[in-house]
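*Asks:* Compute the structure for the input listed below.
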Amino acid sequence: MSQLQSNEIKVPDSPATLGRHETPEPVPAPPTEVIVGAGGNPLILGLPIFAVGALALGMVLIGFMPATALGAIVPIVLFATGLYLAVVTVWAAVLGQTMVAGITGTFSGFWLSLAGLLLGLQHNWYGIAAADAAKTQELFFIAWGCLFVFLLVPCLRLPAVYPAVVGLVVAACAIAAASAHLGNANLLKVSGYIILVLAFLGFYAFVNVGLTAMGAKRPFPPLGRPLVS
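*Replies:* A predicted model of the protein is given here:
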């Protein structure tokens, strides 16, 4: 039986059956793949979300709101700047942009921990006595300031605006630590003004990145040449 099936003779279609064949349906094309991390510039999100957090912090430190209302910036630094800088870090890492991921990840940690510090001190989550609150803030700014000093070194090979931002962060952390150590509110205001300057630089760089993303041949404003080649 199997031999008969293998040697089966095919009879040509008769004129009566030729018109009965159905036209085969076209094979659907495979779905288009969505490649994660196929392109883009993570700084298009990282720069403005950093700048808005710095703007809010600077405004509070210079006295726009009472010092007792520092918690007012938590929604911005926690749910916007800290969170979305973490998203930018993942985006940059997927693209293989190691330095960008390192910088944005570092700043994400700073903003998230700042929110944790403010919330923790306000609600006494960490069991820190009121008398030790200033020392806690001093420790926070010293620790982060030291990290940013070392981050500044590789940033010197980036366009000048980026090491300028990191350098201002170092200065702001140092002055904020001195303010906490000495109990001098005027020093905290100085730190706030410095933070406002770096917020401006963040928006400044964002305009350049945004125009570049839109295909501008000569993006403006210029970011400056690297300080170290």
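*Asks:* Thr212 sits in which helix or strand?
*Replies:* helix 185-213 (DSSP states H and E).
*Asks:* mind showing which ranges of this structure have poor pLDDT?
*Replies:* Along the chain, the parts satisfying pLDDT under 70 run over 1-38.
*Asks:* what's the nearest residue to the residue most central in space within it if we skip its chain neighbours?
*Replies:* By Cα atoms, centre = their mean, the chain has its centre lying nearest to Leu85, at 2.4 Å. Counting by Cβ to Cβ, 6 or more residues apart in numbering, Ser108 is the residue found nearest to Leu85 once chain neighbours are left out, at 3.6 Å. C-beta coordinates here come from the backbone N, C-alpha and C atoms, glycine included.
*Asks:* likewise Ile142?
*Replies:* Counting by Cβ to Cβ, 6+ apart, Ile142 lies nearest to Ala177, which is 4.9 Å off, once chain neighbours are set aside.
*Asks:* Give the burial count for the one you found, as a bare number.
*Replies:* 21 (other Cβ atoms under 10 Å).
*Asks:* how about it, what does it touch?
*Replies:* 137-138, 141-142, 145 (Cβ atoms under 8 Å, 6 or more residues apart in numbering).
*Asks:* if we go to 7 Å?
*Replies:* Neighbour list for Ala177: 138, 141-142, 145 [criterion: Cβ atoms under 7 Å, 6 or more residues apart in numbering].
*Asks:* Quick one: buried ones out of these?
*Replies:* Neighbour-count burial (16 or more other Cβ atoms under 10 Å) is assigned, among those, to 138, 141-142, 145.
*Asks:* Take those and write them to CSV, including secondary structure and distance to Val165.
*Replies:* Converted to CSV, the buried ones among the contacts of Ala177 look like this (DSSP: H, G, I helix; E, B strand; the rest coil; distance: Cβ to Cβ, whole Å):
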residue, secondary structure, distance to Val165
Glu138, helix, 23
Phe141, helix, 17
Ile142, helix, 20
Gly145, helix, 14
